[in-house]
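**Student:** model the following, please.
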Amino acid sequence: MHVVHYCGDVDANGDEMIVVGKPLPCISAAAFVRDRIVKVTWETGETEEINLRPALASHRTFTRLRTDDALFRTMRVNEDGTALEWDDGAELSAVWIEELTLGQLDSAGFRKAMSDLHITLDGMAGRLGISRRLVAAYRNDKPIPAHIALATKYLVEQLKLPHS
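**Tutor:** Got it, this is the predicted structure:
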């Protein structure tokens, strides 16, 4: 699970700003990895590989970015770190990118979740309503679907809650 650092409370002139509501997450760098997966470095220094396909598929603005590899590789972080932008004028906000990470979990994260839960393959299979074989496959680099990632993260969050 990651904690995103939010863009500061100082504007470009160094003046303090009054912030109302939740501040925007801040991206310090982004790089193309493969297909539509990018490596995002948050201002905290934390780095994550994020699949942008779900966001790109959700809006007509991103039609060319879904298929044009050369255009996709023009990706850069905008001036204030609150979005990724491309040469065709398309932008994807850091807020949206942060939300994409909620439904993503790699095998290492899945193994860590099972360890944190102190749960066996059979126990995890029972909690997620899937086969033991599938749990084993997710532990060994099989791509984890968003619904399994979200359910796994939910189980870990429940572990952190004080129970009465």
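**Student:** counting contacts, what elements does the host helix or strand of residue 55 pack onto?
**Tutor:** If you go by DSSP states H and E, residue 55 is part of helix 53-56. On a contact count with 3 or more Cβ pairs under 8 Å, 6 or more residues apart in numbering; DSSP states H and E, helix 53-56 meets helix 63-67, helix 94-102. To be clear about C-beta, it is placed using only N, CA and C from the backbone, and glycine gets the same treatment.
**Student:** so which elements touch the helix of greatest length in the chain?
**Tutor:** Identified as the longest helix of the chain according to DSSP state H is helix 146-160. Helices and strands touching helix 146-160, by 3+ Cβ pairs under 8 Å, 6+ apart, are helix 94-102, helix 107-117, helix 121-128.
**Student:** and the angle for that helix with helix 107-117?
**Tutor:** Interaxial angle of helix 146-160 relative to helix 107-117 (axes from the mean of the first three to the mean of the last three Cα atoms, to 10 degrees): 30 degrees.
**Student:** and helix 146-160, how far from the chain's centre?
**Tutor:** From the chain centre to the centre of helix 146-160 is a distance of 14 Å (Cα atoms, centre = their mean, to the nearest Å).
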